[in-house]
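Novice: can you look at this prediction? I've put the sequence above it.
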Amino acid sequence: MLELQDVHSYYGTSYILQGVTFSVLKGKCVALLGRNGAGKTTTIHTIAGLHKAKRGSIRFKNRPLESLPPHQISRLGIGLVPQGRRIFPSLTVKENLTMPARKRKADDGGINWDLEKIYELFPVLKERENNFGTQLSGGQQQMLAIGRALMTNPEFLLMDEPSEGLAPVIIDQIGEIIVQLKEAGLSILIVEQNIALACKAADEILIMNKGKIVWSGSPDGLMANEGIQHKYLGVSS
């Protein structure tokens, strides 16, 4: 579904992505882990077209994305759940969801995400549909951000720090939702710092350090490797 090959990216003179290469297969979830400043969010932004790569290739369903603006990338079937949620505070829950709504292509198969389906997945949003975004808890805002991305009916979902700032019980719920979305056929790339969430949801783990992928393997492989956890993720034994 998604393939990055030798992607390099800068912010001004700062060399952020230094030859990033990885792929995400159809129907799979890949988690990208690393410390703050490792380049994880830049990776997400570069895929989504919010930041341009200096060189390298990014292909979605074998179509190059590097030269496309964000709105065209979105229309190809890539949804974004941004870091910090970034819901629209002046819109109600229902308006946040219906504003980006796009019908699924007839030949795509899978779930056709509409308001009814979003409310089935997140019943609390139905209860709060007339509340403004700022009147929701952090967990409810995260659910709204996920629901908003699903309303574009994507085939691929980019999720940037979905557990950030949430209570442990809500993080568990978000993990369960990601697993449900994967089982429903979505391909997913998650950027995370929460190892437990990443290992629960992902089929493959990638670890980024200083703009490079320095380790890849299975969730079980990561959990068994205390040295890698300590070196790159700051986990104490």
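Specialist: Looks like it arrived, so ask away.
Novice: spatially nearest residue to L186 (excluding sequence neighbours)?
Specialist: L157 (5.3 Å; C-beta to C-beta, 6 or more residues apart in numbering). Backbone N, C-alpha and C define where each C-beta goes, glycine included.
Novice: buried residues in the helix or strand hosting the one you found, which are they?
Specialist: Counting by DSSP states H and E, the element that carries L157 is strand 156-160. Judged by neighbour count using 16 or more other C-beta atoms under 10 Å, the buried positions of strand 156-160 are F156, L157, L158, M159, D160.
Novice: got it, and stretch 49-57?
Specialist: Here stretch 49-57 shows G49, H51, A53, G56 as buried, counting by 16+ other C-beta under 10 Å.
Novice: which of those residues fall in strands?
Specialist: G56 (DSSP state E).
Novice: any idea which of the buried residues of stretch 49-57 is closest to N130?
Specialist: G49 (33.3 Å; C-beta to C-beta).
Novice: and the residue lying closest to the closest one once chain neighbours are set aside, how many residues sit next to it?
Specialist: Once flanking residues are discounted, G49 sits nearest to P70: 4.0 Å by C-beta to C-beta, 6+ apart. The number of residues packed near P70 is 15, by other C-beta atoms under 10 Å.
Novice: now do the one 3 residues further on
Specialist: Around I73 there are 21 other residues, counting by other C-beta under 10 Å.
Novice: after the helix or strand harbouring it comes which helix or strand?
Specialist: Assigned by DSSP H and E, I73 belongs to helix 70-75. Downstream of helix 70-75, the next assigned helix or strand under DSSP H and E is strand 78-81.
Novice: for the very next helix or strand once past that following strand, buried residues please.
Specialist: Counting by DSSP H and E, the next helix or strand C-terminal to strand 78-81 is helix 93-98. Of the residues in helix 93-98, V93, K94, N96, L97 count as buried by neighbour count, 16+ other C-beta under 10 Å.
Novice: name the helices or strands packed onto helix 93-98?
Specialist: With contacts taken as 3 or more C-beta pairs under 8 Å, 6 or more residues apart in numbering; DSSP states H and E, helix 93-98 sits against helix 115-121, helix 138-150.
Novice: hey, C-alpha coordinates of the first one in CSV?
Specialist: It refers to helix 115-121. Output in CSV follows, covering the C-alpha atoms of helix 115-121 (Å, rounded to 0.1, in the frame of the first residue of the first chain):
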residue,chain,number,x,y,z
LEU,A,115,-22.2,9.3,10.5
GLU,A,116,-24.2,6.2,11.6
LYS,A,117,-21.1,4.0,11.4
ILE,A,118,-19.0,6.5,13.3
TYR,A,119,-21.6,6.7,16.1
GLU,A,120,-21.6,2.9,16.2
LEU,A,121,-17.9,2.9,16.8
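Novice: same for it, what does it pack against?
Specialist: Helix 115-121 packs on helix 93-98, helix 123-127, helix 138-150, going by 3+ C-beta pairs under 8 Å, 6+ apart.
Novice: setting aside sequence neighbours, what's the nearest residue to L25?
Specialist: Using C-beta to C-beta, 6+ apart, the nearest residue to L25 is M1, at 6.4 Å.
Novice: just give me the neighbour total for that neighbour.
Specialist: Neighbour tally, M1, other C-beta under 10 Å: 20.
Novice: swap in the one 10 residues further on?
Specialist: With neighbours defined by other C-beta under 10 Å, the count for Y11 comes to 10.
Novice: coming back round to it: so which of the helices and strands packed on helix 115-121 is the most surrounded?
Specialist: Of the helices and strands packed on helix 115-121, the one with the most neighbours on average (mean count of other C-beta atoms under 10 Å) is helix 138-150, at a mean of 23.
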